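Trainee: Can you look at this prediction? I've put the sequence above it.
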2 protein chains.
Amino acid sequence: MSKVIYPKVALIGLGLIASSISHAIRRAGLAAEITGFARSAETREIARGIGLCDQVYDTAADAARGADLVILCVPVGAMGQVAADIAPVLKPGATVSDVGSVKQAVIEAVGPHIPQGVHFIPAHPMAGTEHSGPRSGFAELFDNRWCLLVPVEGSEDAAVERMQSLWVGMGAKVEVMEPEHHDLVCAVTSHAPHLIAYTMVGVADDLRRVTDYEVIQFSAAGFRDFTRIAASDPTMWRDVFMNNKEATLEILGRFTEELFSLQRAIRTGDGDHLFDYFTRTRAIRRGIVEAGQDTDAPDFGRGGGG
Amino acid sequence: MSKVIYPKVALIGLGLIASSISHAIRRAGLAAEITGFARSAETREIARGIGLCDQVYDTAADAARGADLVILCVPVGAMGQVAADIAPVLKPGATVSDVGSVKQAVIEAVGPHIPQGVHFIPAHPMAGTEHSGPRSGFAELFDNRWCLLVPVEGSEDAAVERMQSLWVGMGAKVEVMEPEHHDLVCAVTSHAPHLIAYTMVGVADDLRRVTDYEVIQFSAAGFRDFTRIAASDPTMWRDVFMNNKEATLEILGRFTEELFSLQRAIRTGDGDHLFDYFTRTRAIRRGIVEAGQDTDAPDFGRGGGG
C-alpha cells in the first residue's frame, strides 16, 4: 500500500524548487528518505534547522550516495560541475534528473557524466515565486502546474514513467517534450518575457524625473506585474539567458521588430493598427483563462488591499 | 448626518470604471441620485436591466442636466465630443471630471468646452481589471488604490477638496499632480508596460512553430502576466497611446536602448552584466511590496489552482 516511488531521494541544491519538492514528496509519502546538499554552509544550516531533509550533507557526493533518485536543483550554469561531483557514487539503476529552465544546455553539460546503467531524465517544473532559499518552499507549489519531462535519446520507458509518477504525485501535470522544442517554447512563454520585464523595471529605476516614490507608489497593473517577474532569482535567470541564448535572441529579435511597428503606429497616429493588434492579443488571453492556467477574478485574484 | 457629497451625479459612459463608481457611490451613500448615459443602445439597455443608475438617458445632455457632478467615463479620444454635448446644460457651480488615463490631452480636449462658473477637475483612478462593460463593475475596485487628481490652473480649493472627499469615500487614496508630470509617471508605470505586453503576446501568437496549444498550456509566470495586461480594453488603450504619444515614445526609446544592451550581454556571454542588472531590479520590487501596492504571497495571491 506504500506510495513510495523512489525509496531514497537526494536533492542537490536547496532553494525554492528543492525545498518545495521536499515538502511535496513528504505530503504524499513518495519517498522513504530525503537527503540534501547545498553549496553554501549557511543554506545547509538553515535546512538542518527547519528539518527540510532527513539528512543534509556537506558534499553533493555524500548526499547522492546510494540514492534511487538524484535531482539537481542548482542554477543551470552549475549543473555540469555537480554532475561530475556525484557521478562516481551513483548506484546502478538510479535516476538523475534536474529542474533547470533550459534543457539542451543541461543535457550537454550533465549527459557526459552519467555512468552506464544510470537513467538521466531531465525535467522542468513550470512553477515559481519571487522568493528563493530553503525557507521559501511549500508543498503546493507544483499543484496543477506543468512539469515538462525531456528524456534523452534511448531512455527506458519504465524509467520515464516512474519519474512521471513522482511529479504527478507531487501534484503536477506532466508532458514529454523534445529538448530543442522545449527551449523554444520556454523562450516565448517565459525567458523573453522575463528579460523584457527586467528591462522595463530597469528603465523606471533610471528615470530620475520620476522619483522612486512615484514609481513605487503609483505602480498600477502593468508595471506592478513587471516588477513581480523582475524580482526572480538573479543567478538562476543569468544562467537561463546564458544557456538558452539562441532561442531567446530569436524571440527578442521578433519582439523588437513588432515593437517598432507599434511605436511607428503611435508616432504616425495609426489608431486602427493599434486597435486591431490589441483586439488580437485579447483573444489569446481568453484562451489562457479557459485553459485553466489563470484566474480572471477581479484584481487578478489578489486581495482587495493589493 | 448625510454622507452625500454631490446630490446628483451623472456618469457619461457606462463601462468598467463608471459601473464601479456607481456601486462605490451607493455603497457609501455619497450621492442621492445617479444618472447615466452610454453611446451604445445595448449598453444602455443592460445598465437599465441591472439598475446600474437611477435613470439611464438616451443622450449625454439629458443625463448631465442639473447634475452637481458629471464624470466623463469614455475613452480619451471621445472626451472632447461628450464635453461639447453636455456643455450647454451644465448648471452653475457644477463640477466636471473624468477618469482618463492621460491628462494633458483630456484637458486640451475638454477644457475649452467648460462654461464659466463650472469647475473642471480631471481625475485618474489607477485601478482596473481585464474586463469591460456595465456588468464588470464592482464597489471594491477603488479600495486602497490611488486616484490622481489633476486640477487645471485656477481651480478653487473647495471644489478640489470636494472631489477628493468623493474618491476617499469610494475607498481610494488621493494625490494631486501636475498634468505633464502625471502623463510621464503613467507612461513609465502603465502605458509603456502595456504596449510591451501587447507586443510580446503578439509575437507569441505569430510564432507558428510554437503552437497555440503550447503557448497557452505552458504559459508560466512571465507570459501569463503579460497576457493579462494585454487583455485590457483595446479602444481605451488605443486612445491612451494616441494621446500620450510623446511620453510613451520617450520611455519606449529608453526601453529599447536598455533591451539592446541586455541582448548584447546575452550574445557576448557577459553574465556579470546580467546578474548586476537583475539584482538591481529585484530591489525595486521589494519597495513595491513594502509600499503595500502588491502581495508577495506564493503564486502571487492566486488560488492554488492558478
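Mentor: Sure thing, it's come through.
Trainee: Pull the residues that contact the strand or helix carrying residue A:182.
Mentor: Using DSSP states H and E, residue A:182 sits in helix A:179-186. For helix A:179-186, contacts defined as C-beta atoms under 8 Å, 6 or more residues apart in numbering or on different chains pick out A:101-104, A:107, A:122, A:124, A:148, A:150, A:177, A:244, A:247, A:250, B:209-210, B:214-215, B:218, B:220. Every C-beta, even on glycine, is put in place using the N, C-alpha and C of the backbone.
Trainee: and if you look at stretch A:195-208?
Mentor: Residues contacting stretch A:195-208 (C-beta under 8 Å, 6+ apart): A:210, A:212, A:215, A:223, A:225-227, A:229-230, A:237, A:241, A:248, A:252, A:255, B:188-189, B:192-193, B:196, B:200, B:222, B:225, B:251, B:254-255, B:258-259, B:262, B:266, B:277-278, B:280-281, B:284-285.
Trainee: And the residues you listed, which of them are buried?
Mentor: By neighbour count, with 16 or more other C-beta atoms under 10 Å in any protein chain shown, the contacts of stretch A:195-208 hold A:210, A:215, A:223, A:225-227, A:229-230, A:237, A:241, A:248, A:252, A:255, B:188-189, B:192-193, B:196, B:200, B:222, B:225, B:251, B:254-255, B:258-259, B:262, B:266, B:277-278, B:280-281, B:284-285 as buried.
Trainee: In helices, which of those residues fall?
Mentor: Secondary structure from DSSP state H places A:215, A:223, A:225-227, A:229, A:237, A:241, A:248, A:252, A:255, B:192-193, B:196, B:200, B:222, B:225, B:251, B:254-255, B:258-259, B:262, B:266, B:277-278, B:280-281, B:284-285 of the buried ones among the contacts of stretch A:195-208 in helices.
Trainee: So residue A:55 sits against residue A:35, correct?
Mentor: Yes: using C-beta atoms under 8 Å, residue A:55 is in contact with residue A:35, at 5.0 Å.
Trainee: overlap in contacts of the two?
Mentor: Residues touching both residue A:55 and residue A:35 by C-beta under 8 Å, 6+ apart: residue A:63.
Trainee: Domains in chain A, by residue range?
Mentor: Split into domains by automatic domain parsing, chain A comes to A:8-177, A:181-292.
Trainee: touching chain B at all, the longest one?
Mentor: Yes: Domain A:8-177 reaches chain B (C-beta under 8 Å from any C-beta of the partner chain) through A:77, A:126-131, A:138, A:140-141, A:143-144, A:146, A:148, A:175.
Trainee: biggest separation within those residues, which pair?
Mentor: A:77 and A:144 (29.8 Å; C-beta to C-beta).
Trainee: By neighbour count, which bits of the helix holding residue A:182 are buried? Give me those.
Mentor: Within helix A:179-186, judged by 16+ other C-beta under 10 Å, the buried ones are A:179, A:181, A:182, A:183, A:184, A:185, A:186.
Trainee: cool, and stretch A:94-109?
Mentor: Those would be A:94-107, A:109, for stretch A:94-109 by 16+ other C-beta under 10 Å.
Trainee: same deal with stretch A:45-65?
Mentor: So stretch A:45-65, judged by 16+ other C-beta under 10 Å, has buried residues A:46, A:47, A:52, A:53, A:56, A:57, A:60, A:61, A:62, A:63, A:64, A:65.
Trainee: Next, count neighbours for residue A:29.
Mentor: For residue A:29, the count of nearby residues is 12 (other C-beta atoms under 10 Å in any protein chain shown).
Trainee: I figured it hits residue A:5, correct?
Mentor: No: counting by C-beta under 8 Å, residue A:29 stays clear of residue A:5, with 9.4 Å between them.
Trainee: picking up where we left off before, now for the buried residues of stretch A:45-65, which pair is the farthest apart?
Mentor: A:46 and A:65 (22.7 Å).
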